[in-house]
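Novice: model this:
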Amino acid sequence: MTWVDEVREAVLTIPAGSVASYGEIGRHLGTGPRQVGRAMSLLGEETGLPWWRVVHADGTPATCHGGLAPALLAEEGTPMRGGRVDLERARHRWGPP
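Specialist: Model prediction:
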């Protein structure tokens with residue numbers, strides 16, 4: 001499995017209404033946020049990948065894909081605050097609670 005595949009698999013585990021930051025995915029996989037961002041760009045328009053559930057460290061939604069992320073997050077009921085995701089309420093956590 002390539003590192004791009006690992007990023008894809010991690011993103012697929014984020015449920016609707018939850019998010020993870022590039023850095024959180026990187027820590028989960030043992031890499032950095034830039035590498036996760038690069039993998040996401042290589043995955044591009046892959047069908048079925050919930051790319052909008054990956055946000056910046058401050059909760060700012062991604063700006064790619066024509067700026068659709070905020071609308072898709074809202075559609076899923078993701079908690080927002082002032083145009084950003086409320087990370088305290090929406091953060092996805094890997095492993096047992």
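Novice: what's the weakest-modelled helix or strand in the protein?
Specialist: Taking mean pLDDT, DSSP states H and E as the measure, helix 64-67 is the helix or strand of the chain with the lowest mean score, a mean of 89.
Novice: For the next helix or strand after that helix, name the packing helices and strands.
Specialist: For helix 64-67, the following helix or strand on the C-terminal side (DSSP states H and E) is helix 69-75. Helices and strands touching helix 69-75, by 3 or more Cβ pairs under 8 Å, 6 or more residues apart in numbering; DSSP states H and E, are strand 80-81. (Glycine included, C-beta is placed from N, CA and C.)
Novice: quick one: contacts for the spatially most central residue of the chain?
Specialist: Taking Cα atoms, centre = their mean, the centroid of the chain lies closest to residue 54, which sits 1.3 Å from it. Each residue near residue 54 by Cβ atoms under 8 Å, 6 or more residues apart in numbering is listed here: 11, 14, 19, 20, 21, 22, 25, 36, 40, 62.
Novice: and the second one, how many neighbours?
Specialist: Residue crowding around residue 14 was assessed by other Cβ atoms under 10 Å; the count is 20.
Novice: That one contacts residue 50, doesn't it?
Specialist: Yes - using Cβ atoms under 8 Å, residue 14 is in contact with residue 50, at 6.3 Å.
Novice: who touches stretch 59-66?
Specialist: By Cβ under 8 Å, 6+ apart, stretch 59-66 touches 19, 41, 45, 51-52, 54-56, 69-70, 73, 81, 83-87.
Novice: Would you map the strands across this structure?
Specialist: Ranges of strands in the chain, per DSSP state E, are 20-21, 54-55, 80-81, 84-85.
Novice: For the residue nearest to residue 48 when sequence neighbours are not counted, give me its contacts.
Specialist: Nearest residue to residue 48, sequence neighbours excluded (Cβ to Cβ, 6 or more residues apart in numbering): residue 12, at 7.9 Å. Residue 12 makes contact with 48, 49, 50, according to Cβ under 8 Å, 6+ apart.
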